[in-house]
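Chemist: What follows is a predicted protein model with its sequence.
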Amino acid sequence: MTKEKIDRINFLARKQKSEGLTEDEKAEQYSLRREYIESYKQSLVSQLDNMYIVEKDGTKRKVTPKNETPLN
């Protein structure tokens, strides 16, 4: 997500609080927020995909979702 889009999200949030938004602005705000959330989730998943747990004996195991079994 670009800085310009984040700035636009913040602008629309401030405008919503002060004077309200038009229907077009509400739709734009919703779209930008969804894009931001998806970008955030994708970043988090990427970080977790590259994360390992180091056991006390020094072995490493990959972090997996709770309902999956570890691969190695």
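Modeler: Noted; the coordinates are in hand.

Chemist: Mind listing what's buried along the longest helix anywhere in the chain?
Modeler: When the chain is parsed with DSSP state H, its longest helix is helix 23-49. For helix 23-49, the neighbour count (16 or more other Cβ atoms under 10 Å) marks 29, 32 as buried. No exception for glycine: its C-beta is placed from N, CA and C like everyone else's.

Chemist: Distance from it to the middle of the chain?
Modeler: 6 Å (Cα atoms, centre = their mean, to the nearest Å).

Chemist: Give the rounded mean pLDDT of that helix.
Modeler: If you average the pLDDT over helix 23-49, you get 94.

Chemist: immediately after it, which helix or strand?
Modeler: Counting by DSSP states H and E, the next helix or strand C-terminal to helix 23-49 is strand 52-54.

Chemist: which strands and helices sit next to the next helix or strand after that following strand?
Modeler: Later in the chain than strand 52-54, the nearest helix or strand by DSSP H and E is strand 60-62. Packing contacts for strand 60-62, counted by 3 or more Cβ pairs under 8 Å, 6 or more residues apart in numbering; DSSP states H and E, involve strand 52-54.

Chemist: Against the centre of this protein, work out the most remote residue.
Modeler: Distance to the chain centre peaks in the chain at residue 57, reaching 33.8 Å (criterion: Cα atoms, centre = their mean).

Chemist: any idea how far that residue lies from residue 18?
Modeler: 58 Å (Cβ to Cβ, to the nearest Å).

Chemist: Over to residue 59?
Modeler: 56 Å.

Chemist: higher neighbour count, those two?
Modeler: residue 59 (10 against 7; other Cβ atoms under 10 Å).

Chemist: and that one, what are its phi and psi?
Modeler: phi -70, psi 150 (degrees, to the nearest 10).
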